[in-house]
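Visitor: Show me how the following folds:
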Amino acid sequence: MLTQILLNAGIGLVWVLLNDNYTIQSFVVGYIIGMATLFVFRNQLGRRLYIFNLYYSLVILVVFIREVIKSAFLVVIQVLKPKLTIKPGIIAYHTDLKTPGQILLLTSMITLIPGSVSMEISPDNKIIYIHVFDITQEGAFVKDVKEQLEDRIKEAVRG
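Guide: I've put the predicted structure just below:
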């Protein structure tokens, strides 16, 4: 990915030099032309174009913010009830993520979502133990984490 970014910036710089116009606008035009050039020759690069990874990273960020807001409202609603109807507990979440960085990202996101805390990761990195606000909704929680977070992380790092 870094190679593609540097190549794209190099094309933008060459554009600036060829036009003898040393402005930011000229570099941006050259950068866009470089991006189009990389898109045309994407099969020769051997990897997915870096702009797609940036797009999927932005999608993860938006989905994460949405999940935080949704969970915050659920926690506030439970706290404001006269009688708490929750049953906290610990679940074992089985993950398909491979690298420590991916697992770290997932566990950090889970911990930042109100009502859940990543507690421990198994030695083989296959199970994440999570303390949840309401264990009666374990199936929905696991489904949300799998579909909304884990699958999107896998898509963002796919080469």
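Visitor: and the lengthiest helix in the chain, what does it pack onto?
Guide: Taking DSSP state H as the criterion, the chain has its longest helix at helix 50-80. If contacts are counted by 3 or more Cβ pairs under 8 Å, 6 or more residues apart in numbering; DSSP states H and E, helix 50-80 sits against helix 2-19, helix 100-112, helix 151-157. All C-beta atoms are positioned from the backbone trio N, CA, C, and that covers glycine.
Visitor: need the next SSE after that helix, C-terminal direction.
Guide: Of the helices and strands lying after helix 50-80 in sequence (DSSP states H and E), the nearest is strand 89-94.
Visitor: That following strand: which residues count as buried?
Guide: Residues of strand 89-94 classed as buried: 91, 93 (neighbour count, 16 or more other Cβ atoms under 10 Å).
Visitor: so residue 16 touches residue 24, yeah?
Guide: No - between residue 16 and residue 24 there is no contact under Cβ atoms under 8 Å: 9.4 Å.
Visitor: Who are the contact partners of the spatially most central residue of the chain?
Guide: Nearest residue to the geometric centre of the chain (Cα atoms, centre = their mean): residue 60, 3.6 Å. If you count contacts by Cβ atoms under 8 Å, 6 or more residues apart in numbering, residue 60 has them with 149, 152-153, 156.
Visitor: min pLDDT across these, which one?
Guide: Here the lowest pLDDT out of the contacts of residue 60 sits on residue 156, with 84.
Visitor: Distance of it relative to residue 24?
Guide: Remark: distance between residue 156 and residue 24 (Cβ to Cβ, to the nearest Å) = 29 Å.
Visitor: For the chain, spot the helix or strand the model is least confident about on average.
Guide: helix 42-45 (a mean of 79; mean pLDDT, DSSP states H and E).
Visitor: Run through who's touching it.
Guide: Residues from elsewhere that reach helix 42-45, judged by Cβ under 8 Å, 6+ apart: 4, 38, 48-49.
Visitor: Below-threshold pLDDT in the protein: ranges please.
Guide: 159 (pLDDT under 70).
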